[in-house]
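Colleague: here is my input, please return the structure:
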Amino acid sequence: MKNFIVVMFIVLVFATGLYLGSNSVETNIASIDTLIVHKTVTLRDTLYKTVEKRVVDSIHINTSDTTFIVLDRTQEVVEGLKFKAWVSGVKPRLDSIETYNDIETRYIERVEYLDSKPKRWGIGVQVGMGASSNNGIVNLSPYIGVGLSYNIIQF
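Modeller: Residues are numbered from 1 along each chain as shown. This next block holds a predicted model:
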């Protein structure tokens, strides 16, 4: 009897969880007034034109005693803004392609060489340890102040 009560309690808790979970999802979706979807679409410009098209060969396929199908094998040159392609065949396929990348040419008008030596001496705020002498006894103490310095390494 005790096991039956435990099993019934677990089933009741499980059923309550399912009920509350399914209602909360519907309530959340139903309470949305406005749904805004932001989507970025990138369109590529695929403008091209056929420069030259010619029939190179024709294939005659006999389907019955009196019927023929004529398939033309064509050869075309297609140009776009950044390419030139040669396509040929009954089912046209790419033979070769030339691509043109955007190349920017810059001309140098004047070249200046700056031959300056780094400045070694300077005046600035200094932080460190100072040493002082009092009757032959050297005392070290913290030092903060303004002073003249010689720069060994610059950064």
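
Colleague: state the distance from the nearest residue to S149 once chain neighbours are set aside to Y100.
Modeller: Sequence neighbours aside, G122 is the residue nearest to S149 in space, at 5.7 Å (criterion: C-beta to C-beta, 6 or more residues apart in numbering). Placement of C-beta: from N, CA and C, glycine included. As for G122, its distance to Y100 is 54 Å (criterion: C-beta to C-beta, to the nearest Å).

Colleague: now do the strands in the protein.
Modeller: For the chain, the strands defined by DSSP state E cover 48-62, 68-80, 83-89, 93-99, 121-134, 137-150.

Colleague: out of those strands, which one sits most buried?
Modeller: Across the strands of the chain, averaging neighbours per residue (mean count of other C-beta atoms under 10 Å) puts strand 83-89 on top, at a mean of 15.

Colleague: note down every partner strand of it and its orientation.
Modeller: strand 68-80 (antiparallel), strand 93-99 (antiparallel) (DSSP bridges).

Colleague: so for it, mean pLDDT?
Modeller: For strand 83-89, the mean per-residue pLDDT is 88.

Colleague: so what's T34 scoring on pLDDT?
Modeller: pLDDT for T34: 54.

Colleague: meant to ask about E112
Modeller: Confidence for E112, expressed as pLDDT, is 73.

Colleague: with T105 instead?
Modeller: pLDDT recorded at T105 is 69.

Colleague: check N23 too.
Modeller: For N23, the model assigns a pLDDT of 56.

Colleague: next one: E76
Modeller: According to the prediction, E76 has pLDDT 90.

Colleague: now do the contacts for the nearest residue to it once chain neighbours are set aside.
Modeller: Leaving aside its sequence neighbours, E76 sits nearest to K53 (C-beta to C-beta, 6+ apart; 4.3 Å). When contacts are counted by C-beta atoms under 8 Å, 6 or more residues apart in numbering, K53 touches T74, Q75, E76, V77.

Colleague: could you dump stretch 53-72 to PDB, C-alpha only?
Modeller: Output in PDB follows, covering the C-alpha atoms of stretch 53-72 (Å, rounded to 0.1, in the frame of the first residue of the first chain):
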ATOM      1  CA  LYS A  53      27.000  32.900 -79.700                       C
ATOM      2  CA  ARG A  54      27.400  30.500 -82.500                       C
ATOM      3  CA  VAL A  55      26.400  26.900 -83.400                       C
ATOM      4  CA  VAL A  56      29.400  24.800 -83.800                       C
ATOM      5  CA  ASP A  57      27.800  21.500 -84.600                       C
ATOM      6  CA  SER A  58      24.400  19.700 -84.800                       C
ATOM      7  CA  ILE A  59      23.600  16.300 -83.500                       C
ATOM      8  CA  HIS A  60      20.700  14.400 -85.200                       C
ATOM      9  CA  ILE A  61      19.000  11.800 -83.000                       C
ATOM     10  CA  ASN A  62      16.700   9.300 -84.700                       C
ATOM     11  CA  THR A  63      13.700   8.700 -82.500                       C
ATOM     12  CA  SER A  64      11.600   6.700 -85.000                       C
ATOM     13  CA  ASP A  65      11.600   6.000 -88.800                       C
ATOM     14  CA  THR A  66      10.600   9.600 -89.700                       C
ATOM     15  CA  THR A  67      11.300  11.700 -86.700                       C
ATOM     16  CA  PHE A  68      14.700  13.300 -85.800                       C
ATOM     17  CA  ILE A  69      15.700  15.500 -82.900                       C
ATOM     18  CA  VAL A  70      18.300  18.100 -83.800                       C
ATOM     19  CA  LEU A  71      20.500  19.200 -80.900                       C
ATOM     20  CA  ASP A  72      22.700  22.200 -81.500                       C
END
